[in-house]
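Colleague: Sequence and predicted model, in that order:
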Amino acid sequence: MQTIIIDQLGSDFDKQQCINKCINNNQADIQFWYTADFKNAKILRDFMEVIFTTFKFPKKDIVRFILASDEINNNAIEYGSLKNENNYLRVKINKQNTIISLTMEVEDTWNGKYAKTAEEMEKFRQVRTHENYKEHKSIRWRGLFLIIMNIVDELYFKNTDTGWLIVWFKKDLLI
């Protein structure tokens, strides 16, 4: 696994060169550490675009997965961690022939004002995904479930031993 610490990157950092070094035999396992600050969301989006473009994801899927990664990162920043605490985003890609397997997970510190446990997130998922879900007017947690569940194959939540929350998703693409 390669680790990239977002807060240590200079403004002239070459993302493409960095990502090229992280790919081995059509596989990548990259962990981004970043402080819970929305200034890092743009940097992470840019990295996701470089990764997905490098692996030759279809254009519509590049946009979708940038949106999905942005949603889980923004939720970690806004709800799961206090400002400037460390979060991480892990991206794993394995490309074999015409199938790309993508796994992404974000881990927050669970210290944020609206932090939830994995069990609480599962309850939110059940409530938010009822049959009238798309007409639901409340926005809290709706974005995560609506965006992620319409894009990915699997979504799960896990509490770590240290008390952090992991939000994880997986998608297998046929290209």
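Modeller: Structure received.
Colleague: now the helices: where do they sit in the chain?
Modeller: 15-22, 39-54, 59-75, 118-128, 142-151 (DSSP state H).
Colleague: wait, what's in contact with the residue nearest the centre of the chain?
Modeller: Nearest residue to the geometric centre of the chain (CA atoms, centre = their mean): Ser69, 3.4 Å. Going by CB atoms under 8 Å, 6 or more residues apart in numbering, Ser69 touches Leu44, Arg45, Met48, Leu89, Val91, Met104, Val106. For every residue, glycine as well, the C-beta is placed using N, CA and C.
Colleague: Any of those buried? List them.
Modeller: Among the contacts of Ser69, those classed as buried by 16 or more other CB atoms under 10 Å are Leu44, Met48, Leu89, Val91, Met104, Val106.
Colleague: so what's the third one up against?
Modeller: Taking CB under 8 Å, 6+ apart as the contact definition, Leu89 lies against Gln31, Phe32, Tyr34, Leu44, Ser69, Ile72, Asn73, Met104, Glu105, Val106.
Colleague: Make JSON lines out of the residues you listed and add distance to Thr129.
Modeller: Output for these, formatted as JSON lines (distance: CB to CB, whole Å):
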{"residue": "Gln31", "distance to Thr129": "29"}
{"residue": "Phe32", "distance to Thr129": "29"}
{"residue": "Tyr34", "distance to Thr129": "29"}
{"residue": "Leu44", "distance to Thr129": "26"}
{"residue": "Ser69", "distance to Thr129": "21"}
{"residue": "Ile72", "distance to Thr129": "17"}
{"residue": "Asn73", "distance to Thr129": "22"}
{"residue": "Met104", "distance to Thr129": "20"}
{"residue": "Glu105", "distance to Thr129": "20"}
{"residue": "Val106", "distance to Thr129": "20"}
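Colleague: so which of those comes closest to Ile6?
Modeller: Distances from Ile6 to the contacts of Leu89, taken as CB to CB, are shortest for Tyr34 (3.9 Å).
Colleague: And the helix or strand of the chain with the lowest mean pLDDT, what does it pack against?
Modeller: Sorting the helices and strands of the chain by mean pLDDT, DSSP states H and E puts helix 142-151 at the bottom, at a mean of 73. Applying 3 or more CB pairs under 8 Å, 6 or more residues apart in numbering; DSSP states H and E, one finds that helix 142-151 contacts helix 59-75, helix 118-128, strand 154-159, strand 165-174.
Colleague: Which other helices and strands does the last one contact?
Modeller: It stands for strand 165-174. So strand 165-174, by 3+ CB pairs under 8 Å, 6+ apart, packs with helix 59-75, strand 99-108, helix 118-128, helix 142-151, strand 154-159.
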